[in-house]
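> Okay, predicted coordinates and the sequence, questions at the end:
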Amino acid sequence: MKQDFENDEWMKGARETGFTTPMHYFDELTESINAKITVEKFKAVVQNDGYAVPDNYFEKLQANILAKTTAEIQPEIKPKVVRLWNSSIVKYASAACFLLVTGLGLYFNNQQNPAQKTTSADLTTEQMLYDIDEQVIIDHISSTDITQPKPAVTDTDLENYILTNYSQNELATSL
């Protein structure tokens, strides 16, 4: 009981001072200590950092770069020219490949064009029209009142329109 009272006082005092440990600190503490021990052992085995820079490297760096890039300083350094089309065989082979790929693309594009394919619904509709008896069509047309209204245009208006919109040559060739 007395120990619980002391622990409660200690926890209360810790909260008042503001000192707390991060979450999962004690769970990760052993891994952190072991990692630091491993690094210290490795440093004892390896005496240097493993990287070394030659003497006066940075002092000579700019001069070395200029010597390699400037042709005026060393005229014997000539740029290397690599030809893209080394021989005529490569030219013709690449042209043949290009034509082959283009031709295959056009062929397959035309094969998959849905505008040229006739569907079975179109064929069915067309067959139904052929199956209708001619007399039925004639009776239907004669029974319906198909009258087109005549335009309210006089002959003189038509003549004036033709004369203003067409030339003599157009009128002569159309007859």
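Alright, I've got the coordinates. This is a predicted model, so every value here is computed, not measured.

> only C-alpha atoms for contact and neighbour calcs from this point on.
Noted.

> residue nearest the centroid of this structure?
What sits nearest the mean C-alpha location of the chain, by CA atoms, centre = their mean, is residue 105, with 19.6 Å.

> so what does the helix of greatest length in the chain touch, helix or strand wise?
Counting residues, the longest helix found in the chain (DSSP state H) is helix 88-111. Applying 3 or more CA pairs under 8 Å, 6 or more residues apart in numbering; DSSP states H and E, we find helix 88-111 packed against no helix or strand.

> Could you check how far it is from the centre of its chain?
Averaging C-alpha positions (CA atoms, centre = their mean, to the nearest Å) puts helix 88-111 24 Å from its chain's average.

> Find the helix or strand that residue 36 is a member of.
Under the assignment given by DSSP states H and E, the secondary-structure element containing residue 36 is helix 25-45.

> mind listing what's buried in that helix?
Using 16 or more other CA atoms under 10 Å as the test for burial, helix 25-45 gives no buried residues.

> residue contacts, the residue nearest to the centre of the chain?
For residue 105, no residue counts as a contact, taking CA atoms under 8 Å, 6 or more residues apart in numbering as the criterion.

> Could I get the full set of strands for this protein?
When secondary structure is read from DSSP state E, the chain shows no strands.

> Quick one: low-confidence residue ranges for it.
Flagging of the chain using pLDDT under 70 yields the residue ranges 1-7, 10-19, 47-50, 70-78, 85, 112-124, 175.

> hey, where'd the helices end up in it?
In the chain, the helices defined using DSSP H lie at 2-17, 25-45, 57-69, 88-111, 120-131, 134-143, 155-165, 168-174.

> All set, thanks.
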